[in-house]
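Chemist: Okay, predicted coordinates and the sequence, questions at the end:
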Amino acid sequence: MGTTPGAGNTTVVVPDIGDFSDVEVIEVLVQAGDPVAVEAPLITLETDKATMDVPSTAAGRVVEVSVKKGDRVSKGSPIAVIEAAQASGNLAAKPAPPPPAANQVPAALPAALEIRVPDLGDFKDVEVIDVLVKEGDTVGLETPLVTLETDKATMDVPSSAAGTVAKVHVAKGARVNAGDVVATLKSAAAAEPVARPTEPAAATVATAAPATPAPAAAQDATLRTAVPAAGAALPDIRGAHASPSVRRFARELGVDLARVTGSGLKGRINEDDVKAFVKQALAGPSRAEPAGNALPRVPDVDFAAFGPVEVKPLGRIQKISGTRLQAAWINIPHVTQHDEADITELEKLRASLKDRAASRGIKLTPLAFIARACAKVIAQFPNFNASLDASGQNLVLKKYLHLGFAADTPNGLVVPVIRDAGRKDVYELARDLGELAGKARAGKLAAAEMQGGCFTISSLGGIGGTAFTPIINAPEVAILGVSRSQQRPVWQGGKFEPRLMLPLSLSYDHRVIDGAEAVRFVVALAEALAAPASLTEAVP
Ligand code: CAO
């Protein structure tokens, strides 16, 4: 099946696919540059009866893909050029599933009729992946009895007549060859003898597997009678519409393909659909929505194909916060408003107060002042202390203010919540911040200490940065990001003055907060931070 157009290159072509020609390429599984192994599927072909992968006949790297999705190919059509690391000596791909023969199905049954595995071409010891009938079942002509699968094709063996299943001779997992008896049928109305075509599927078999003599059993007259020609010789992707490799993948994961929605052509199920199904199932019922509603997925990449890797499972907190962050990112129309606050005076004030605070066991950090300023400004902007209700039609305005702050811990990001932050002065806030941050780092926060937040501050100023776009801690509607303060020349009183400027990044839910309101909020916050005396006042 291969030719070698250039040194070390192998052109993989469509193998003998029996009577089929102009078969549609429904999937191209590789692209130029991809490494491939011998037998790795390159493309998937589909007729109205069968789906089959065409595997590579050489190991190496794909230099060129000669077909695209939707193309029609026949035996010998070039598929891809492989720069062969090691060209296969036996280039002939396993033949595709046997093609159809003329319908030679008998119209009625004798008293008992054995249904046998049809000629399978080169295939031997083919696995029974499904037994579709049981003793006593009534079957019609063409009713599938068992499903067989090779590594390249899936095919049903249909009944060649109507009747009742007297005995099923194979079990799931069994391996069968052409001529093996699958089931015995009986019919009460076995009036007419079975028609026994003298030359049954022979021509078709020869086309499908020209180099392979038909197995001895295939010569058997009973078999010839029983071989249901077109139906059996052709794989029938019964029920689920998927290629053999996808079927095998689904089976390995225990996925019932009948429950998977295919996103491919004509609803065909591909590997990504199976993965999406598993992910949704693992995520629980709330996320188990039909694939049709699913967001487009990022491509799955086999990183190991490009170099050594190590797989490290995410921690518990990372998994929880990851899901919540993604939900917020997807569901909330975020806008981030940036501004700067002049905290020159604030830092002077803080410097004058922090030793006294330290003597009381309080670390008076910039964040305590920022929290106090937020509490004051939020009191003037009630929309910032609100959440949309579950219907999304009503705004729930909160009469309390519990303030969350993002804390970086060895186990991941957590958001402890300062209760009633609106009623606490800067020292109380500083004390709560210190205690909660300590507990967070030690992994000792109680669940209740991370609940009920109304607004969150994410301060990265102790680390650095000039600005960022924090993700709203849903169902809150805004989050303040704080970056590192820096001395800057600011034009004041007709000259540049060195001022300590604190970058603020306010992300807000645009469904609840307008841009103008967000700017007013940030300006008010910057003003509060610039005039810090009021921030140290006692809170009534
Ligand atoms: N600009 C310049 N310096 C700052 C600053 C700022 N905006 N904010 C804090 N600093 C300084 C502090 O003054 C302190 O210096 P001194 O020890 O000399 O006084 C130092 O940075 C460290 O401060 P801190 O981290 O101890 O205290 P904090 O109150 O600023 O922050 C906490 C506490 C828990 C918020 C912080 O430790 C933390 O975890 N930050 C990370 C938050 C995070 O991960 N956010 C991202 C969430 S979204 O991915």
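Modeler: Good, I have the coordinates.

Chemist: For the stretch 301-450 of the chain, just list every one of the strands.
Modeler: In the stretch 301-450 of the chain, the strands defined using DSSP state E, counting those that start in this stretch lie at 334-342, 386-388, 395-397, 403-405, 407-409, 412-414, 417-418.

Chemist: Please name every helix or strand in contact with the last one.
Modeler: Using 3 or more Cβ pairs under 8 Å, 6 or more residues apart in numbering; DSSP states H and E as the contact criterion, the neighbours of strand 417-418 among helices and strands are strand 403-405, helix 426-442. Glycine gets a C-beta too; all of them are placed from N, C-alpha and C.

Chemist: Direction included, what does it pair against?
Modeler: strand 403-405 (antiparallel) (DSSP bridges).

Chemist: Contacts for stretch 417-434, please.
Modeler: When contacts are defined by Cβ atoms under 8 Å, 6 or more residues apart in numbering, stretch 417-434 is touched by residues 357, 360-365, 367-369, 371-372, 374-375, 378-379, 400-405, 436, 449-453, 535-539.

Chemist: which secondary structure element contains residue 16?
Modeler: Following DSSP states H and E, there is no helix or strand that holds residue 16.

Chemist: how near is it to the ligand?
Modeler: Between residue 16 and the ligand the distance is 58 Å, computed by Cβ to the nearest ligand atom, to the nearest Å.

Chemist: ditto for residue 352
Modeler: Using Cβ to the nearest ligand atom, one obtains 14 Å as the distance from residue 352 to the ligand.

Chemist: switch to numbering from 30
Modeler: Let's use 30 as the start, then, which means that last one is residue 381.

Chemist: number of nearby residues for that residue?
Modeler: The number of residues packed around residue 381, counting by other Cβ atoms under 10 Å, is 9.

Chemist: Ok, the one 3 residues further on next?
Modeler: One way to gauge burial is a neighbour count; for residue 384, by other Cβ under 10 Å, it gives 9.

Chemist: And it, how far from the ligand?
Modeler: In this structure, residue 384 and the ligand are separated by 12 Å, where distance is defined by Cβ to the nearest ligand atom.

Chemist: Also residue 355?
Modeler: Plainly put, residue 355 is 13 Å away from the ligand if you go by Cβ to the nearest ligand atom.

Chemist: about what we covered before: buried deepest among the helices and strands packed on strand 446-447, which one?
Modeler: Among these, strand 432-434 has the highest mean neighbour count (mean count of other Cβ atoms under 10 Å), at a mean of 26.

Chemist: buried ones in stretch 142-153?
Modeler: Of all the residues in stretch 142-153, those buried under the rule 16 or more other Cβ atoms under 10 Å are 142, 143, 144, 145, 146, 147, 148, 149, 150, 151, 152.

Chemist: Where does the prediction get shaky in the stretch 230-379 of the chain?
Modeler: Across the stretch 230-379 of the chain, the stretches falling below the confidence threshold (pLDDT under 70) are 230-270, 294-295, 313-322.

Chemist: looking at the sheet around residue 526, what are its partners?
Modeler: As for beta bridges, residue 526 partners with residue 519 under DSSP bridges.

Chemist: That one: neighbouring residues, count only.
Modeler: Close neighbours of residue 526, defined as other Cβ under 10 Å, add up to 12.

Chemist: if we can go back for a sec, in TSV: the buried residues of stretch 142-153, plus secondary structure.
Modeler: Shown next, in TSV, are the buried residues of stretch 142-153 (DSSP: H, G, I helix; E, B strand; the rest coil):
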residue	secondary structure
142	strand
143	strand
144	strand
145	strand
146	coil
147	coil
148	coil
149	coil
150	coil
151	coil
152	coil
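
Chemist: between these, which is closest to residue 61?
Modeler: Set against residue 61, the nearest of the buried residues of stretch 142-153 by Cβ to Cβ is residue 151 (30.4 Å).

Chemist: Closest one of the buried residues of stretch 142-153 to the ligand?
Modeler: residue 152 (55.1 Å; Cβ to the nearest ligand atom).

Chemist: quick one: the closest one and residue 178 touch, right?
Modeler: No - the pair formed by residue 152 and residue 178 falls short of the contact definition of Cβ atoms under 8 Å, at 10.0 Å.

Chemist: where are the low-confidence patches of this protein?
Modeler: 30-36, 47-48, 77-79, 114-140, 217-270, 294-295, 313-322.

Chemist: Let's see that with 50 instead.
Modeler: Within the chain, the stretches falling below the threshold (pLDDT under 50) are 30-34, 115-138, 217, 219-268, 315-319.

Chemist: what helix or strand does the most centrally placed residue in the chain sit in?
Modeler: The residue at the geometric middle of the chain, judged as the C-alpha nearest the mean C-alpha position with Cα atoms, centre = their mean, is residue 305 (4.2 Å). Residue 305 is part of helix 300-312 when elements are defined by DSSP H and E.

Chemist: Buried residues in that helix, which are they?
Modeler: Of the residues in helix 300-312, those buried (16+ other Cβ under 10 Å) are 300, 301, 302, 303, 304, 305, 306, 309.

Chemist: most neighbours per residue, which of the strands of the stretch 330-479 of the chain?
Modeler: Stretch with highest mean neighbour count among the strands of the stretch 330-479 of the chain: strand 432-434 (a mean of 26; mean count of other Cβ under 10 Å).

Chemist: ok, it near the ligand or not?
Modeler: Yes - residues of strand 432-434 are located near the ligand by Cβ under 6 Å from any ligand atom, namely residue 434.
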